[in-house]
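>>> No sequence on hand, only this structure:
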């Protein structure tokens, strides 16, 4: 764990599972997390397979599970917990972000103050 981003055991297991899928490709080193301007609250999280990292990206390694945080997203994710929730009809990564001052009703976007 780190002050930048903590990863729950559930999220780590899900990332590890995703890395075994053919979609990840042989050159994927982990999961890449970023943020972009979108959604009704202003910003949304992005996730994809990480094929590498940039010089200012943050790399978090929790027991061999790697998460690359895009340099532009670092200031928005400090202190965030990444979790994975599974319910009867849905399964999703959840960002518990203490920096978010508001979120939209569907939970897809957030704003920071």
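Ah, there it is. Given the structure is predicted, the values throughout are model-derived calculations rather than measurements. Residues are numbered from 1 along each chain as shown.
>>> Helices along the chain, start to end?
9-19, 74-77 (DSSP state H).
>>> For residue 50, find the nearest of those.
helix 9-19 (10.0 Å; CB to CB). C-betas here are computed from N, CA, C, even on glycine.
>>> how far does that closest one sit from the chain's center?
In terms of CA atoms, centre = their mean, to the nearest Å, the centre of helix 9-19 is found 12 Å from the chain centre.
>>> One more: stretch 67-76?
Using CA atoms, centre = their mean, the offset of stretch 67-76 from its chain centre is 9 Å.
>>> Enumerate the positions of that stretch that are buried.
By neighbour count on 16 or more other CB atoms under 10 Å, the buried set for stretch 67-76 is 67-70, 73-74, 76.
>>> low pLDDT regions in this structure?
1-2, 39-41, 102-113 (pLDDT under 70).
>>> Nearest residue to the middle of it?
residue 33 (4.3 Å; CA atoms, centre = their mean).
>>> Can I get the buried residues of stretch 67-76 in TSV including distance to residue 96?
Shown next, in TSV, are these (distance: CB to CB, whole Å):
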residue	distance to residue 96
67	15
68	19
69	15
70	19
73	15
74	17
76	13
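>>> Filter those down to just the ones in strands.
Of the positions in these, 67-69 sit in strands, assigned by DSSP state E.
>>> of all these, which comes closest to residue 42?
Closest to residue 42, out of all of these and judged by CB to CB, is residue 69, at 19.0 Å.
>>> The residue nearest to the centre of the chain and residue 68 touch, don't they?
Yes. In this structure residue 33 lies within contact range of residue 68 using CB atoms under 8 Å: 7.2 Å.
>>> that older thread, how much space between the residue lying closest to the residue nearest to the centre of the chain once chain neighbours are set aside and residue 88?
Closest residue to residue 33 in three dimensions, ignoring its sequence neighbours and counting by CB to CB, 6 or more residues apart in numbering: residue 69, at 5.3 Å. Using CB to CB, to the nearest Å, we find residue 69 at a distance of 31 Å from residue 88.
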